[in-house]
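Novice: My questions are about this predicted structure, shown below with the sequence.
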Amino acid sequence: MIRARKVKPDPPAVARVAAVPRDILRLLALVNERRRADVSLSALSTLAHRSAYNLHRRFRAVVGETPKAYTSRVRLARAAADLVTTDRRTSAVAASHGFASHEVFTRAFRRLFGVSPRAYRARGLHVADLSRTHAAAVSAAAPCVGLYRMTVSTERSVPVPAEIAVQEMPTVDALVMRRRTSRDEIAAALGSTLPAVFAHAQQHGLTMTGPPFARYPEFGMSSVVIEGGVQIAAPAPGDPSAGIEPLSLPSGKAAVTVHKGPYDTLPDTYQAIETWLEKEGHQRGGPPYEIYLTDPGEHPDPETWETRIVQPLA
């Protein structure tokens with residue numbers, strides 16, 4: 001009798017795309033430091049030592065937004081978090097995030113969120129007790145919500161050995177958007193799903209409780225199903241028409257490690273987890289997921305990036 005060979009699932013791949021220029025990452029960090037300063041195209045081109053045309057083209061190719069759209073979105077996202085987590089006057093919030101006047105801020109806010117700053121504040125958060133957690137989560141994720149899993153170097157870095165431990169994980173409520181994509185397009189899939197889920201959560205006043213994450217419920221020979229999402233404080237219905245769905249990450253024991261370094265070397269850490277599972281005699285209890293602890297929009301050195309990998313155990 002011929003026995004079927006047990007095939008192990010491959011580790012989640014990293015998109016093989018053109019490397020992101022590190023000078024754009026350094027510029028993003030400067031932009032996000034200058035919360036009240038001039039971030040016009042002319043100012044940024046001076047900082048980058050490039051022509052305005054060249055910078056505009058390269059910035060949009062990497063980030064997926066023009067410099068103006070990017071800086072406006074990030075500032076408005078952080079301002080929205082301030083409105084529902086502090087009692088500061090709206091004009092003070094506007095000024096602290098670089099808007100020239102209350103009127104300019106109100107117009108931009110209404111365009112993005114569909115309501116005035118006053119109405120947004122009056123509605124509040126759906127779990128107000130975690131306002132500080134929400135503010136921290138929004139502030140950290142807004143600059144880079146479309147940049148996770150990017151390839152930043154054509155040279156493979158030396159992976160940092162993974163320290164793997166069994167941890168008891170709590171139940172986590174989340175909203176996700178699911179995509180089936182090729183292994184080469186994981187970064188692009190997250191670049192479209194995470195910003196949409198993040199924007200939905202902010203527009204509806206949902207309390208975010210941690211960094212964005214990606215879950216891998218299915219791997220095929222040529223494709224992968226990926227769920228990009230945000231953690232929220234309590235269940236929420238999502239938006240079926242937009243493909244945004246609720247998800248509960250179950251509690252239980254999991255093999256957990258923190259991958260240190262660029263996303264390019266994530267497969268090495270997944271392979272280390274695979275080896276560890278065999279050595280320790282553990283079985284998988286569900287799809288693995290990654291939590292993006294470091295903000296590439298504020299930390300331009302990929303060697304400092306940290307990604308928590310959670311492999312549920314049976």
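Specialist: Looks like it arrived, so ask away.
Novice: How about the secondary structure of residue 247?
Specialist: Three-state call for residue 247 (DSSP: H, G, I helix; E, B strand; the rest coil): strand.
Novice: For it, the count of nearby residues, please.
Specialist: Residue 247 has 20 neighbouring residues, counting by other Cβ atoms under 10 Å. Glycine gets a C-beta too; all of them are placed from N, C-alpha and C.
Novice: can you map out the strands along the stretch 51-200 of the chain?
Specialist: Under the criterion DSSP state E, counting those that start in this stretch, the stretch 51-200 of the chain contains strands at 165-169, 172-182.
Novice: Quick one: list the elements packing against the first one.
Specialist: Helices and strands in packing contact with strand 165-169 are listed as strand 252-260; criterion 3 or more Cβ pairs under 8 Å, 6 or more residues apart in numbering; DSSP states H and E.
Novice: ok so, going back, now mean neighbour count, distance to residue 258 and mean pLDDT too, for the strands of the stretch 51-200 of the chain, in JSON lines please.
Specialist: Converted to JSON lines, the strands of the stretch 51-200 of the chain look like this (neighbours: other Cβ atoms under 10 Å; distance: least, Cβ to Cβ, whole Å; pLDDT from 0 to 100):
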{"stretch": "strand 165-169", "mean neighbour count": "12", "distance to residue 258": "10", "mean pLDDT": "97"}
{"stretch": "strand 172-182", "mean neighbour count": "20", "distance to residue 258": "17", "mean pLDDT": "96"}
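Novice: how's this protein carved up into domains?
Specialist: The chain breaks down into these domains under automatic domain parsing: 22-124, 165-312.
Novice: Most tightly packed of these?
Specialist: domain 165-312 (a mean of 18; mean count of other Cβ atoms under 10 Å).
Novice: what's the first-to-last distance across that one?
Specialist: This stretch, domain 165-312, spans 12 Å end to end (Cα to Cα, to the nearest Å).
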